[in-house]
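K.L.:
Let's see this in three dimensions:
(chains A, B, C and D)
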Number of protein chains: 2
Amino acid sequence: MTTPSDLASAIKAARRALKLRQAELAAAAGVGVRFLVELEAGKPTAQVGKMLAVLGALGLDCQLVPRSGKAPERRSP
Amino acid sequence: MTTPSDLASAIKAARRALKLRQAELAAAAGVGVRFLVELEAGKPTAQVGKMLAVLGALGLDCQLVPRSGKAPERRSP
DNA sequence: AGTAAAATATCCCGGTCGGGAATTTTGCTA
DNA sequence: TAGCAAAATTCCCGACCGGGATATTTTACT
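P.N.:
The predicted structure follows:
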């Protein structure tokens, strides 16, 4: 879960696993359908709070773990 | 990691553990200092992409895990 | 193949982000 | 304890993004 696209795929997969439609999940999470569409499309400018609300509605929780190759990514390596 | 505030504390703690200043982390992540300040303050409207960039600069990765009490949170239970 | 439902893109306004300077807070030392 | 230096937070303004409702395209099922 490193990029917005990764997050997007994971969310979409989780929603499908629960057999929820976008409108249903959006309503359950208290966000608009458009937001969910863009979130699942990997838009990097989605708001964190609403993203977490969606995860909550999916029954998911977010954990921070050290990276595999654990060297912090610098801006211009 | 359920609310923006949780995320905020975790990020702040991680930054301190690495003995990085806000300006340094912001530069490494390619975001503005003000963004980092607000992110660490738990602002729910921060953008996901930049938040992930910060995590990357901290050497952290985000994992989605089923919730403890795993029933999906509905909007108005 | 046809139709109905679902997913995606568009319109406009309010809100957020970025950069630099000033102000407050933190923490360290004499 | 007092005092200073570094760090963190706040402020202002221009440009771009998020949100609801509608229109259009894509998907799925009979």
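
K.L.:
Tell me where chain A has helices.
P.N.:
Along chain A, counting by DSSP state H, helices occupy A:4-17, A:22-29, A:33-40, A:48-57.

K.L.:
Can you name the residues of chain A sitting close to DNA strand C?
P.N.:
A:Arg21, A:Gln22, A:Ala23, A:Val33, A:Arg34, A:Val37, A:Glu40, A:Ala41 (CB under 7 Å from any atom of the strand). The way it works is simple: take the backbone N, C-alpha and C, and place the C-beta from them, glycine included.

K.L.:
What number of residues are in the vicinity of the second one?
P.N.:
The reference is to A:Gln22. Neighbours of A:Gln22 under the rule other CB atoms under 10 Å in any protein chain shown: 16.

K.L.:
Where does pLDDT dip in chain A?
P.N.:
In the predicted model of chain A, residues A:69-77 satisfy pLDDT under 70.

K.L.:
residue of it with the smallest distance to DNA strand D?
P.N.:
Minimum separation of chain A from DNA strand D (CB to the nearest atom of the strand) falls at A:Gly32, amounting to 1.8 Å.

K.L.:
tell me the contacts of the residue lying closest to that residue once chain neighbours are set aside?
P.N.:
Leaving aside its sequence neighbours, A:Gly32 sits nearest to A:Ala26 (CB to CB, 6 or more residues apart in numbering or on different chains; 6.1 Å). By CB atoms under 8 Å, 6 or more residues apart in numbering or on different chains, the residues touching A:Ala26 are A:Gly32, A:Val33, A:Phe35, A:Leu36.

K.L.:
who wins for most neighbours among those?
P.N.:
Neighbour counts for the contacts of A:Ala26 (other CB under 10 Å) peak at A:Leu36, which has 26 neighbours.
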